[in-house]
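[1] Need a 3D model of the following:
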Amino acid sequence: MKRFADLTEQEILALAIASEEEDSRIYRDFAEGLRGDFPASAEVFDEMAEEETHHRHMLLELHRKKFGEHLPLIRRQDVRGFISRRPVWLVRPLGLDKVRKTAEEMEFEAARFYAKAAERTTDVSVRKLLGDLAEAERGHESMAARLGEKILTEGVREEEERTARRMFVLQFVQPGLIGLMDGSVSTLAPLFAAAFATHNSWNAFLVGLAASVGAGISMGFAEALSDDGSLTGRGAPWLRGFVCGLMTTIGGIGHTLPYLIPNFFIATAIAVAVVVVELAAISYIRYRYMDSPFWSASLQVAFGGALVFAAGVLIGNS
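    Modelled structure (predicted):
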């Protein structure tokens, strides 16, 4: 990798041209990834891509005048000092907040690059263009200000925020809640049946661990295979399956871990307390994200959990 201080004026221009082309293509990818759910934000990124393309043409014209047709191949990854970016533009579905934050970082980095490059050049025309581009990048460094212009009116922005919330619920909260409910409730019967049948903490722990891991794997595959998300908007099936399977396992592990305590009665008392906390958390999530009345959700979850708990205790004592 070359040091920025060792670049010639031609290499600085070539690096700027390559950077503008890369940024334009990233903004195009952002626009395509957002177009289905956030068309107004997609239009903003289309405009930003056009602006970066215009900058590239200005730089190409200046390079042609000063150095001819040959353009050296030099990119950001060939020069020390540039931030290595994670390719968030390749991930689907795109998160609106993540895209905006990435764009802000790109504009900030571009503004600093042009300012430093202008300091390094002696040619008046090159220095002027780089300084102008630095100011242009600073002008829309803040994506919040950019997105507040004519395209994203208050009503449009509110609608996009509602869409983002619906997508978050569909892709993360819903599969996570399904998994947490299944893990917290379905593992109660085998765990407490084993506990009251053996009165041995370690045996109860092994049964609870096996039930939690098995339920997590089963629920993960079931959720991943339920639909591909193309019509429902529920996102990538492997992601939903992972979230659902992980939360299922966590839901079961929570009240299993107390049985690492050798004293059976203390372990059981703590496990019951953990179950109460888990059921309260499920009720709150249903109230917060699924628009269920809190007390209604609490009664439903508590009633279901109590039935499964009682089944486990009865079977274990039989």
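[2] got the contact list for the host helix or strand of residue 301?
    Here residue 301 sits within helix 294-317, counting by DSSP states H and E. The list of residues contacting helix 294-317 from outside it, by C-beta atoms under 8 Å, 6 or more residues apart in numbering, reads 181, 184-186, 188-197, 275, 279-280, 282-284, 286-287, 290. From N, CA and C alone the C-beta is placed, and that goes for glycine too.
[3] now with 6 Å?
    Outside of helix 294-317, the residues within contact range by C-beta atoms under 6 Å, 6 or more residues apart in numbering are 185, 188-189, 192-193, 196-197, 279, 282-283, 286-287.
[4] Show me where this protein dips below the pLDDT cut-off.
    Segments of the chain classed as low confidence (criterion: pLDDT under 70) are 83-84, 92-93, 139-170, 227-235, 289-291, 294, 297.
[5] From the centroid of it, which residue is nearest?
    Among the residues of the chain, the one closest to the centroid is residue 95, at 6.2 Å (C-alpha atoms, centre = their mean).
[6] Show the contacting residues for it.
    Counted by C-beta under 6 Å, 6+ apart, residue 95 has zero contacts.
[7] burial measure for residue 180, as a count.
    A total of 24 residues lie near residue 180 under the criterion other C-beta atoms under 10 Å.
[8] Could you confirm it falls within a strand?
    No: Residue 180: not assigned to a strand; according to DSSP: H, G, I helix; E, B strand; the rest coil it is helix.
[9] mind checking how far residue 280 is from residue 243?
    Computed with C-beta to C-beta, to the nearest Å, the distance linking residue 280 and residue 243 is 21 Å.
[10] Kindly apply the preceding question to residue 55 instead.
    To residue 243, residue 55 is 40 Å away according to C-beta to C-beta.
[11] what about the helices in the stretch 51-200 of the chain?
    Listed from the start of the chain, the stretch 51-200 of the chain has helices (DSSP state H, counting those that start in this stretch) covering 96-120, 124-139, 143-147, 154-168, 174-186, 188-198.
[12] looking at these, which is closest to residue 252?
    Nearest of those to residue 252, taken as C-beta to C-beta: helix 174-186 at 4.2 Å.
[13] Report the distance from stretch 74-91 to the chain centre.
    Centroid displacement of stretch 74-91 relative to its chain, using C-alpha atoms, centre = their mean, to the nearest Å, is 20 Å.
[14] Which residues belonging to that stretch are considered buried?
    74, 76, 79, 82, 88-89 (16 or more other C-beta atoms under 10 Å).
[15] before we move on, what about stretch 122-137?
    With burial defined by 16+ other C-beta under 10 Å, the residues of stretch 122-137 counted as buried are 126-127, 129-131, 133-134, 136-137.
[16] cool, stretch 203-222 as well?
    Buried residues in stretch 203-222, defined by neighbour count with 16+ other C-beta under 10 Å: 204-205, 207-213, 215-216, 219-220, 222.
[17] Would you mind giving both backbone torsions of the residue nearest to the centre of the chain?
    Dihedral angles of residue 95 (phi, psi; degrees, to the nearest 10) stand at phi -90, psi 130.
[18] Over to residue 2?
    Per degrees, to the nearest 10, the backbone of residue 2 is at phi -90, psi 150.
[19] Looking at strand pairing, list the partners for it.
    The partner list for residue 2 in beta bridges (DSSP bridges) reads residue 79.
[20] Just give me the neighbour total for it.
    Taking other C-beta under 10 Å as the neighbour definition, residue 2 ends up with a count of 13.
[21] can you check the one 4 residues further on too?
    Using other C-beta under 10 Å, the number of residues around residue 6 comes to 9.
[22] For it, give its distance to residue 79.
    When distance is defined by C-beta to C-beta, residue 6 is 9 Å away from residue 79.
[23] Residue 298 now?
    Using C-beta to C-beta, residue 298 is found at 58 Å from residue 79.
[24] Repeat that for residue 113.
    Applying C-beta to C-beta, the value for residue 113 to residue 79 is 10 Å.
[25] quick one, what contacts residue 278?
    Residue 278 makes contact with 184, 254, according to C-beta under 6 Å, 6+ apart.
[26] scratch that, residue 15
    For residue 15, the set of contacting residues under the criterion of C-beta under 6 Å, 6+ apart consists of residue 74.
[27] what's the answer for the one 4 residues further on, then?
    By C-beta under 6 Å, 6+ apart, residue 19 lies in contact with residue 76.
[28] same deal with residue 182?
    Applying C-beta under 6 Å, 6+ apart, the residues contacting residue 182 are 219, 248.
[29] how close does it get to residue 124?
    The span separating residue 182 from residue 124 equals 70 Å under the rule C-beta to C-beta.
[30] do residue 315 as well
    Between residue 315 and residue 124 the distance, using C-beta to C-beta, works out to 88 Å.
[31] swap in residue 176?
    Taking C-beta to C-beta as the criterion, residue 176 is separated from residue 124 by 59 Å.
[32] and if you look at residue 51?
    For residue 51, the distance to residue 124 - C-beta to C-beta - is 24 Å.
[33] Likewise for residue 310?
    Distance, residue 310 to residue 124, by C-beta to C-beta: 86 Å.
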